[in-house]
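Undergrad: Would you be able to build a 3D model of this:
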Amino acid sequence: MAGSTGSDGASRDAPPARTTRRDFVRKLGSGLAAAGIASGGGLLAGGCAPAVATTRRPTTLASAEALLVVFSDTHSAYERYPQLLAAIDQVRAQHPRTPLLILFNGDLFERGNVVALRGGGRADLALLEALSQRAPVVFNLGNHEGALLDLAEAVQLLQERGATVVSNALDRRTGRPFVPPAASLEIAGRGMVVAGIATDDLATYRPGVRETLQIPPGPDYAAEQLARLLGDAPLRVVLSHAGTLDDQKMLPAVPAGTLVVGGHDHLRYAHRQGRTLYLHTGSWGESITLVGVRQGPSGTEWLHESLPIALDGPGATELATLIQAERQAHLTAEDRAIIGRTECALPLREAALLAVAAVRDAVGADVAFIGNTTFGAGLPAGAIPRYDFDAYLRFDGVLQRAEADGATLQAILRRANQFEEISFDVRTGEYLVATPLRSLDSTRRYTVATNDWVRLNAERYLGTALDFTPLPELTLKAVVARRLGG
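TA: Numbering: from 1, shown residues only. Here you go, the predicted model:
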């Protein structure tokens, strides 16, 4: 996902005072409680929610003939890379005789991470090399592979680190593909073909890179090319970074029994369509998905299990040391400046709801909403340096205000907060994180607030157009920083 950037305007003159639990809950406003997050003795009930453990118990994956470790959209999530690698080592230790393959569905890099930007993605490439030392890696190009470098240069670096790279993207300068559209390999004595599909939404690629790309629409490409590329391989896999909406249109063209891995939308869910398994694996290193392969009475069976990656879980020491060295080398005093504090670590969902509550209150609106991929990582407990804040809130932008009647707002909110399992056919891919309303009167008018990225992409996010007025004195990062800081 790409968004607008700009100055956040937050004051860095002095570290803010410690936020107490009472103040912290007050700052969140009604958003978290109304969303039901306070239930079960969690965050708002007093006491921080415990970290999620990564220790696994025996599952049906024990019957798998081969295991695929699947993830995407890590976006230079250096705070979780060592733990992610350690989790994969744990999987290998628990399944020592089971062949392993790693599928990485794009967006390794993040330009908004200043350590990645200034260091040329050294830690990202170190992760990829470490993965390749543990198992074969097939990598599909996402829209952030050109975030730090020209895409052709990035492809070369990925290949040098041991990855087999696939994509349907063409280099407009030469008319040739950057990499092959599919890769053939063998696992557990069975042939496999893995095809890669990129998003054709060029606005999500970095300026300077998007002009070099020629990418066909995913559904059209799938209808015309997938059957040929996948052929009659016993195991067929599609890595699609096109996003849920395109994938919904693409699935009818996918041969039955295929594993289709989605990405780009920063979602985590699974959907079965006959014998075909379609899944999203999360983002920012917060989880990976293990997919087991076995032969069943009707053909290939795909088993799956999502594995959360805890921030305070065990980490791979060598990678952690390299990341620390990269931070020491590239973070400035401004990057380390403390802009706020939290009493508890906030997972991404709660951290995102905090931000939209801050926007609502700053604008004086009834409801506020922000696109879900504006948010990256959650928030750590304690002091929040600028570096971590920027990983949490990836993009800035001028806040916007509009009015909507109750019926229109109700339709917009039906598309929002797709945190839970919902029907595949109503998923919108990227979605709005919105402050919830306890009740909604279809006969009255409401004031709504958002940022300029949602305004520019209103049809995609809102399903309608609203007459927004920009509020140049209010920017997204400044408003959220103030909420965290005082």
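
Undergrad: give me the low-pLDDT residue ranges for the stretch 1-150 of the chain?
TA: Residues of the stretch 1-150 of the chain meeting the criterion pLDDT under 70: 1-59.

Undergrad: And the helices in it, which stretches?
TA: Listed from the start of the chain, the stretch 1-150 of the chain has helices (DSSP state H, counting those that start in this stretch) covering 21-28, 31-34, 81-94, 114-119, 122-134.

Undergrad: and Arg394, which of those helices is closest to it?
TA: Nearest to Arg394, of all those, is helix 114-119, at 12.3 Å by Cβ to Cβ. Yep, even glycine has a C-beta here, placed from its N, CA and C like the rest.

Undergrad: on that earlier part again, of all the helices of the stretch 1-150 of the chain, which one is nearest Val359?
TA: Taking Cβ to Cβ as the measure, these were each checked against Val359, and helix 31-34 came out nearest at 10.4 Å.

Undergrad: Could I get the helices of the stretch 1-150 of the chain in JSON lines, plus columns for distance to Ser298 and mean neighbour count?
TA: Written out in JSON lines, the entries for the helices of the stretch 1-150 of the chain read as follows (distance: least, Cβ to Cβ, whole Å; neighbours: other Cβ atoms under 10 Å):
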{"stretch": "helix 21-28", "distance to Ser298": "49", "mean neighbour count": "15"}
{"stretch": "helix 31-34", "distance to Ser298": "45", "mean neighbour count": "19"}
{"stretch": "helix 81-94", "distance to Ser298": "27", "mean neighbour count": "20"}
{"stretch": "helix 114-119", "distance to Ser298": "45", "mean neighbour count": "20"}
{"stretch": "helix 122-134", "distance to Ser298": "32", "mean neighbour count": "20"}
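
Undergrad: can you list these in a markdown table and add distance to Cys344?
TA: Output for the helices of the stretch 1-150 of the chain, formatted as a markdown table (distance: least, Cβ to Cβ, whole Å):
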| stretch | distance to Cys344 |
| --- | --- |
| helix 21-28 | 8 |
| helix 31-34 | 11 |
| helix 81-94 | 19 |
| helix 114-119 | 25 |
| helix 122-134 | 27 |
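
Undergrad: Ala316 is nearest to which of those helices?
TA: Scanning these with Cβ to Cβ as the criterion, the closest one proves to be helix 81-94, at 4.0 Å.

Undergrad: out of the helices of the stretch 1-150 of the chain, nearest to Val194?
TA: When those are compared by Cβ to Cβ, helix 122-134 sits nearest Val194, at 15.2 Å.

Undergrad: Name the strands paired with whatever helix or strand Phe369 lives in and say parallel or antiparallel.
TA: When secondary structure is defined by DSSP states H and E, Phe369 falls within strand 367-371. Within its sheet, strand 367-371 is paired with strand 432-434 (antiparallel), strand 445-451 (parallel), according to DSSP bridges.

Undergrad: nearest to Arg173, of those?
TA: strand 445-451 (33.8 Å).

Undergrad: List the contacts of Thr469.
TA: 400-402 (Cβ atoms under 8 Å, 6 or more residues apart in numbering).

Undergrad: can you check Ala188 too?
TA: Shown here is Ala188, whose contacts under the criterion Cβ under 8 Å, 6+ apart are 65-66, 98-99, 293.

Undergrad: ditto for Arg161
TA: 125, 128-129, 132.

Undergrad: and the longest helix along the chain, what does it pack onto?
TA: In the chain, ranked by residue count with DSSP state H as the criterion, the top helix is helix 348-363. In terms of contact count using 3 or more Cβ pairs under 8 Å, 6 or more residues apart in numbering; DSSP states H and E, helix 348-363 is assigned the packing partners helix 21-28, helix 31-34, strand 367-371, strand 398-405, strand 432-434, strand 445-451, strand 469-475, helix 476-485.

Undergrad: highest average neighbour count across those?
TA: strand 367-371 (a mean of 26; mean count of other Cβ atoms under 10 Å).

Undergrad: Alpha carbons of it, in CSV - could you do that?
TA: What follows is strand 367-371 as a C-alpha-only set of coordinates in CSV (Å, rounded to 0.1, in the frame of the first residue of the first chain):
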residue,chain,number,x,y,z
VAL,A,367,-16.8,9.1,13.4
ALA,A,368,-13.3,8.8,12.0
PHE,A,369,-11.8,6.2,9.7
ILE,A,370,-8.3,5.4,8.3
GLY,A,371,-7.2,2.8,5.7
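
Undergrad: contact partners of that strand?
TA: Here strand 367-371 makes contact (Cβ under 8 Å, 6+ apart) with 1, 3, 352, 355-357, 359-360, 409, 412-413, 416, 430-435, 437, 446-451, 453-454, 457, 461, 476.

Undergrad: these two touch, right, Ala449 and Glu403?
TA: No - counting by Cβ atoms under 8 Å, Glu403 is not a contact partner of Ala449; they are 10.8 Å apart.

Undergrad: which stretches of the stretch 151-300 of the chain form strands?
TA: Along the stretch 151-300 of the chain, the stretches classed as strands by DSSP state E, counting those that start in this stretch are 163-166, 170-171, 176-177, 182-187, 190-197, 213-214, 235-240, 259-262, 268-273, 276-281, 287-296, 299-308.

Undergrad: ok, the third one: who's next to it in the sheet?
TA: Spelled out, it's strand 176-177. Partners of strand 176-177 in the sheet, by DSSP bridges, are strand 170-171 (antiparallel).

Undergrad: Just the residues contacting the partner strand, thanks.
TA: Contact with strand 170-171 is made by 151-152, 176-178, 212-215, as judged by Cβ under 8 Å, 6+ apart.

Undergrad: Restrict those to the buried ones and give me that as a PyMOL selection.
TA: Only the buried members of those end up in this PyMOL selection, burial being decided by 16 or more other Cβ atoms under 10 Å:
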select buried, resi 151+178+212+213+215
